[in-house]
Structures are given as C-alpha cells and as structure tokens.
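Trainee: Sequence isn't available, so here's the structure alone:
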C-alpha cells in the first residue's frame, strides 16, 4: 500500500529525511479529513488529542474573548495548526474554521512526540515554524494597534496578493465584516477605504473580485500606516 505520508508537505517541508520506520508510524497513526467552507476544524476550550496539519485550503484562527469573537489570522496550507496548544496547554485556546474547502491531517500526538524525539532535523524544523509564527504574531499586533485603517487594509490586500494567493488578482475569501474584525475596524470603514483605493486607482474591484493596479503605492500606504 502506498504511504501517502512520503509525499505530504508535512514531511517534505521539514527538510529532513525521516526513517522508513518513522514514516510507517505516521502512516499508521493519522487520519485525513476534508472540511467544507465554514466547517469548524478546532474548537476553543476543547481538549486537544491530535497534532493537526493543514494539507490543503485556507483557514481562519479566531478567539472568543469577553465581549466578542476576534479573528487573529488567516493561514493557508501547508502548515501545522494549534501546535502551541497541543504541545503545551492541551486545551485549545482558539478556534480554527475553514475559509475555503480544506483537507486536514490528524496525527496521534504521542506518535508525533516520538518522531520529534528520534529525529533532530524534524524537531529543529518544528521549532523554527513555531518561532516564525510567534514573530509574525508580534508584527501583526504592532500593525493592528499602531496603523490607521488605510494602512491596515493595505496590509490585508498585500497579504492576500503576496502570501495567500500569489497573484495581484484574487477573490476576497472573507467578508468585509470579517476583514474589519481582523484589523479592528468597522465594516463601514472597510467599505469606505476599499472605495477610496478604487477611486485612487490602487485597485479595481467588482463584488469580491480584486485586482491590484498600483502595488507600489499600496506598499507605501502600508509602510506609512
């Protein structure tokens, strides 16, 4: 039987060569599940028993606070989800919901820990992924608190273009209300700034379809906040 773990980005991205026995452990102790747009993948407050790897798709991470739900990040595959919770607190500290149709691999946590212990290269890769995620969280926190709505929305559009879709033409994967929640702005403010960007010739927008026309100026707005 073909070992689907061999060609999985979970293994290939690690820059390490897992031994056959380790690949066999992963193959025998994982399950791949498909989620439709809007499906809940991780629920806040629920006990975490698996390491979760996003194989395909796009998801949002969101936290329920004292007063409302807060979108923290949008993340595209391939990447791990919830590692700090799974390896640390064991209780999910946030929720993850599919923004687009997605495919997720659930890996037995004890098997995953064993592979980490046996393979130093794989462990180093996981540490690097956690470090990059933490630094990204710091950067986004600073941007959210220090930039005006124009700068924050420019960040969002550039993130969609350069990181998520790798194209200057894309369809907004979330609503304007969700974007507002993400950057701490009202839907009306998001709609107004998008209209301003279109009027100023930075973007062309039809419904949720966006085409970036002047990325240089959009980057300047992002940098100046």
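Mentor: Sure thing, it's come through. Quick caveat, the model's predicted, so the values are computed rather than measured.

Trainee: Relative to residue 122, how far out is the most centrally placed residue in the chain?
Mentor: Most central in the chain under C-alpha atoms, centre = their mean is residue 75, positioned 1.2 Å from the mean C-alpha point. Noted for residue 75: a distance of 21 Å to residue 122, by C-beta to C-beta, to the nearest Å. Bear in mind the C-beta positions are built from the backbone N, C-alpha and C, glycine included.

Trainee: before we move on, what about residue 128?
Mentor: 11 Å.

Trainee: Neighbour count for the two, which is higher?
Mentor: residue 122 (21 against 12; other C-beta atoms under 10 Å).

Trainee: can you confirm that one is in a helix?
Mentor: Yes. Secondary structure of residue 122, determined by DSSP: H, G, I helix; E, B strand; the rest coil: located in a helix.

Trainee: and residue 73, how many neighbours does it have?
Mentor: Count around residue 73 with other C-beta under 10 Å applied: 16.

Trainee: Let me know the helix or strand that it is in.
Mentor: In the assignment (DSSP states H and E), residue 73 maps to strand 69-76.

Trainee: what does that strand rub up against?
Mentor: 54, 57-64, 81, 94, 99, 136-137, 140, 159, 163-164, 173-174, 178, 181-182 (C-beta atoms under 8 Å, 6 or more residues apart in numbering).

Trainee: ok, residue 84 touching residue 130?
Mentor: Yes. Using C-beta atoms under 8 Å, residue 84 makes contact with residue 130 at a distance of 6.8 Å.

Trainee: So what are the sheet partners of the strand holding residue 73 and their directions?
Mentor: strand 58-64 (antiparallel) (DSSP bridges).

Trainee: Quick one: residues in contact with the partner strand.
Mentor: Here strand 58-64 has contacts from 41, 44, 69-77, 81, 93-100, 102, 164, 173-174, 178, using C-beta under 8 Å, 6+ apart.

Trainee: One more pass at 7 Å, please.
Mentor: Strand 58-64 is contacted by residues 41, 44, 69-76, 81, 94-100, 102, 164, 173-174 when judged by C-beta atoms under 7 Å, 6 or more residues apart in numbering.

Trainee: quick one: buried residues of it?
Mentor: Across strand 58-64, burial judged by 16 or more other C-beta atoms under 10 Å covers 58-62.

Trainee: Could you tell me how far it lies from the centre of the chain?
Mentor: 8 Å (C-alpha atoms, centre = their mean, to the nearest Å).

Trainee: same deal with stretch 39-52?
Mentor: Counting by C-alpha atoms, centre = their mean, stretch 39-52 comes out at 15 Å from the chain centroid.

Trainee: next one: stretch 79-98
Mentor: Using C-alpha atoms, centre = their mean, the offset of stretch 79-98 from its chain centre is 12 Å.
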